[in-house]
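# Sequence and predicted structure below; questions after.
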Amino acid sequence: NDHRSVGAMLGGEVVRRRGGAGLPDDTVEVTLRGTAGQSFGAFLPRGVTLRLSGDANDYVAKGLSGGRIIVRPDPAAPFVDPDAAAGQRAEDQIVAGNTILYGATGGELFLRGRVGERFAVRNSGAVAVVEGVGDHGCEYMTGGTVVVLGPTGRNFAAGMSGGTAFVHRLDRAQVNTEMVDLTPLREEEQAVLHELVQRHFAETDSAIAAELLKRWPEAVAEFVAVVPRDYRRVLEIMQAAEAAGRDVDDAVMSALAASA
C-alpha cells in the first residue's frame, strides 16, 4: 500500500525505448495481488497490461496513454461468492477510490466493483467498464467510452463535451443534462456495448456482466446512452459526409459556420 504509481517507471522505460506509440498490446503483462497505493498504472503506455487482484486507492489509470489495467477482487474475498446475499456481492463493493482515469488519452480499464467520485474526469480517449460510480462521474469528459453497470452518484456528465457513456438502469435525476442528451442505444452502439460487456466478463469474471449477457436482448434495452448533444451532431455530420463521399473536415466546418 505504500508503493505509489506502480507501473509508471516501467511505462516510462517503454516510451524511452519505443516512443509514444509504445508496443503491441499485452507485450508486457504484470499480475499483482494485494492493495495498490495511489496512482496505480499512472500514464501507462500501449503495450503494458497490469492485472491486480485486490483493490486500489485513488487515481488509478491517471493519464492512461494506451495501456490496459484490470482490477478485480481477490479470489479469496467472501463477496466473490456468486451465492453471496444481495448487497454483499462484488458489484456492491468498492474496488478502487476517487478520480480514476483522470486525464486519460487512450487505453482500457476494467474494474469489477464500484469506485468513488469523479470517475473518468477529463478522459479524452480511454475505454472503461465499471460496476458503479460516485458523484461527478464523467465530469468534463471529452472523448472515449465509459460503461457503468451499476448506479451513479449525483451530477453525472457535468461539463461532458465528448465521448459516450452507456449506463445500466440510469437514474435520470442524477444526471446533469446541461450539455448531454439521454437516449436509447442505436444498433451500432448496442454492438459496441455488447463487446465491452463480453470483454469485461472475460477479464474480471464479473457476475453482473455474466447475468447481463445471459439475457442480452432484454438487458440491452435497460441501458441509456449519455452523449453530448453537440458531439453527437458532429458525429452525424461526419457519418453523412463519409456516406456521400464528401470531405469530412469540410462538411464539419461548413455545418459549424452555418450554425454560427
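Perfect, thanks for sending it.
# where in this protein is pLDDT low?
Along the chain, the model assigns pLDDT under 70 to residues 1-2, 82, 87, 260.
# Now do the strands in it.
28-36, 48-56, 65-72, 106-111, 124-130, 142-148, 162-168, 180-183, 223-228 (DSSP state E).
# In PDB, list the C-alpha atoms belonging to the third one.
What follows is the C-alpha trace of strand 65-72 in PDB, where atoms were taken according to Å, rounded to 0.1, in the frame of the first residue of the first chain:
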ATOM      1  CA  SER A  65      -1.900   6.500 -22.500                       C
ATOM      2  CA  GLY A  66      -2.800   3.300 -24.300                       C
ATOM      3  CA  GLY A  67      -2.100   0.700 -21.600                       C
ATOM      4  CA  ARG A  68      -4.500  -1.800 -20.200                       C
ATOM      5  CA  ILE A  69      -5.500  -2.100 -16.500                       C
ATOM      6  CA  ILE A  70      -7.700  -4.700 -14.900                       C
ATOM      7  CA  VAL A  71      -8.700  -4.600 -11.200                       C
ATOM      8  CA  ARG A  72     -10.800  -7.400  -9.700                       C
END
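# tilt between it and strand 28-36?
For strand 65-72 against strand 28-36, the angle by axes from the mean of the first three to the mean of the last three CA atoms, to 10 degrees is 50 degrees.
# Which elements pack onto strand 65-72?
Packing partners of strand 65-72 (3 or more CB pairs under 8 Å, 6 or more residues apart in numbering; DSSP states H and E): strand 48-56, strand 106-111, helix 187-204. All C-beta atoms are positioned from the backbone trio N, CA, C, and that covers glycine.
# Redo the ones you listed as CSV? Include mean neighbour count.
Listed next are these as CSV, based on neighbours: other CB atoms under 10 Å:
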stretch, mean neighbour count
strand 48-56, 23
strand 106-111, 26
helix 187-204, 17
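# Nearest to A210, out of those?
Of all these, it is helix 187-204 that lies closest to A210, at 5.6 Å by CB to CB.
# From the centroid of this protein, which residue is nearest?
Central residue of the chain (CA atoms, centre = their mean): A128, 1.8 Å from the mean position.
# list the contacts for the residue nearest to it when sequence neighbours are not counted?
Among residues not flanking A128 along the chain, L109 sits closest, at 4.2 Å (CB to CB, 6 or more residues apart in numbering). Neighbouring residues of L109 by CB atoms under 8 Å, 6 or more residues apart in numbering: 60-61, 64, 68-70, 100-101, 126-130.
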